[in-house]
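Chemist: Turn this into a structure:
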Amino acid sequence: MNLIDRISRQFEDSAHAKLSAIEWLASPVAEAVEVMTKCLLGNGKILACGNGGSAADAQHFAAELVNRFEMERPPLAAVALTTDSSVLTSIGNDYEFAQIFSKQVYALGQAGDVLLAISTSGNSPSVLAAIAAAHEREMRVVALTGRGGGKITELLKQKDVHVCVPTDRVARIQEIHLLVLHCLCDGIDCLLLGVEN
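Modeler: This is a model prediction of the structure:
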């Protein structure tokens, strides 16, 4: 095995997956930027959730909004539902793991807020439950998935936004999810600050 060749192939595969996804994803990402910006301008907040690597993505996104992305601006209201170990473990222990996000959405979510739901397969029970809770709270949902969208596709309503990465490979889905999150942060900043280019 030649490690240099293998590493080079990973870079090439990642670049190819991103470039081939532009046409598929640009429109829903732009729609998601508009939905999130409208929420924030209306004094709403964005709740983000996901499991494993998607949990890290939820935290990364919340950090970029609360602190800053690439431009100086006031802090924006975003909460990662993946970070409070006492809440997560008490819900998982007293009820079931599938409710770890939905109970937080019921507690924190308000009409006009947005749920950012991240699942590479689109089949995560805890994320599916969070989406159902968000709908009950009259929140809009921005879903980041791959592999055809899974069960999340069936749950989303017309007012929601589905950003479904057109590949089945988990590593590529996760890499594109991170790029999408950066596009969301950049787009929100541009709309809020009136940046032209």
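Chemist: can you pull the buried residues of the host helix or strand of residue 47?
Modeler: Using DSSP states H and E, residue 47 sits in strand 46-49. Residues of strand 46-49 classed as buried: 46-49 (neighbour count, 16 or more other Cβ atoms under 10 Å). Where you see a C-beta, it was placed from the backbone N, CA and C, and this is true even at glycine.
Chemist: got it, and stretch 6-25?
Modeler: Buried, per 16+ other Cβ under 10 Å, within stretch 6-25: 14, 17-18, 21, 25.
Chemist: same question, stretch 103-117
Modeler: Buried, per 16+ other Cβ under 10 Å, within stretch 103-117: 103-105, 109, 113-117.
Chemist: go on, stretch 154-170?
Modeler: Neighbour-count burial for stretch 154-170 [16+ other Cβ under 10 Å]: 155-156, 160-167.
Chemist: before we move on, what about stretch 36-45?
Modeler: In stretch 36-45, counting by 16+ other Cβ under 10 Å, buried: 36-37, 39-40, 44-45.
Chemist: now, among those residues, which is nearest to residue 81?
Modeler: Closest approach between the buried residues of stretch 36-45 and residue 81, by Cβ to Cβ: residue 45, at 11.4 Å.
Chemist: I figured the closest one hits residue 39, correct?
Modeler: Yes - the pair residue 45 and residue 39 passes the contact test of Cβ atoms under 8 Å, sitting 7.4 Å apart.
Chemist: ok, the nearest residue to residue 136 once chain neighbours are set aside - contacts?
Modeler: The spatial neighbour of residue 136 that comes closest, neighbours along the chain excluded (Cβ to Cβ, 6 or more residues apart in numbering), is residue 106 at 7.6 Å. Contact analysis of residue 106 by Cβ atoms under 8 Å, 6 or more residues apart in numbering lists 133, 136-137.
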